[in-house]
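Mind looking at a prediction? Sequence and model below.
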Amino acid sequence: MKYRTIFLSDIHLGTPGCQAELLLDFLNTYEAESYYLVGDIIDAWRIKRKGFLWPQAHNDVVQALLAKAHDGASIYLIPGNHDEFLRSYLGTHFGGIEVLSTADFTASDGKRYLVTHGDQFDSVVMHAKWLAHLGDRAYDFMLWLNTRLNRSRSLWGGQYWSLSKWAKQQVKQAVNFISEYEKVLTAEARRGGYDGVICGHIHSAAVRDMNGVTYVNTGDWVESCTAVVELNSGRLALIDWERSAREARHRVRTRRARTRQKQLENV
């Protein structure tokens, strides 16, 4: 299937939590004329803190994106706080991937969107970076614990469950932060005369109208494995790839079970 545009963010290549295999499945399933990589594609914070971690699947993601650029797709990379070192290379092309600070995206229906990672509107990242790094370490621990919990769940057939995503939904302060973040980003888009804003950063995927301005958050490829696509109509839609993959596996298991049942009935 081919879309006009695909938006991805918060892949966090170089971390154990990166769902690179699922992202590869997604990239092999969908094509687009243009791709926007909306920040935190590489997690330099983690690499700097714990050393270089680069499994083959992470390298395969990079190669898949470079191959799409080579085949003619336009790819734009907008650095986030975890790959902020790339902000020293604004305007540079890496294998056909252009590095931009922000982007002005116009959908096929004529609507204009500000595309930004969003960390510059996060007061903790901007004014208390030490606290952001501390929170990042706590997040690493939560992902480590989540991996072990899901290994245990898999022993009795349980589905994947995100501890960090659940925690954010339960903690009132986190919910309030997400709400405030959405308001700040949409206010910035309104001031710039945009019809909407497309961002990442907080790992909370959404496409919603906020008082006449469309707020779009691409989510992430650590907790939820989501992307935003532009349909031919110009409408932006959210794809939950982890859920789609899970449902596809369930359909396969169901078909196999029905086939076995028919075979047994015909014996």
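Yep, that arrived. Numbers count the residues shown, from 1 in each chain.

can you map out the helices along the stretch 101-250 of the chain?
In the stretch 101-250 of the chain, the helices defined using DSSP state H, counting those that start in this stretch lie at 123-127, 129-155, 163-170, 172-191, 241-265.

number of nearby residues for Ala32?
By other CB atoms under 10 Å, 21 other residues sit near Ala32. The way it works is simple: take the backbone N, C-alpha and C, and place the C-beta from them, glycine included.

going forward can the numbers begin at 637, since that is how I track them
Renumbered: residue one is now 637, and that last one reads Ala668.

Just the pLDDT at it, thanks.
Ala668 carries a pLDDT value of 97.

correct me, but it touches Ala709?
Yes. Assessed by CB atoms under 8 Å, Ala668 is found in contact with Ala709 at 6.4 Å.

Contact partners for Ile714?
Tyr672, Leu673, Val674, Gly675, Val735, Leu736, Ser737, Thr738, Ala739, Val751, Thr752, His753 (CB atoms under 8 Å, 6 or more residues apart in numbering).

ok, and the most crowded of the residues you listed?
Val674 (30 neighbours).

Kindly provide the distance from that one to Leu689.
22 Å (CB to CB, to the nearest Å).

Any idea how many residues pack against the nearest residue to Thr665 once chain neighbours are set aside?
Leaving aside its sequence neighbours, Thr665 sits nearest to Met637 (CB to CB, 6 or more residues apart in numbering; 6.9 Å). Neighbourhood size, Met637 [other CB under 10 Å]: 7.

still on that earlier bit, nearest to Leu649, of the contacts of Ile714?
Leu673 (10.6 Å; CB to CB).

which residues touch that closest one?
Leu644, Ser645, Ile647, Leu701, Ile711, Tyr712, Leu713, Ile714, Ile733 are the contacts of Leu673 under CB under 8 Å, 6+ apart.

Tell me which helix or strand in the chain has the weakest average pLDDT.
helix 759-763 (a mean of 42; mean pLDDT, DSSP states H and E).
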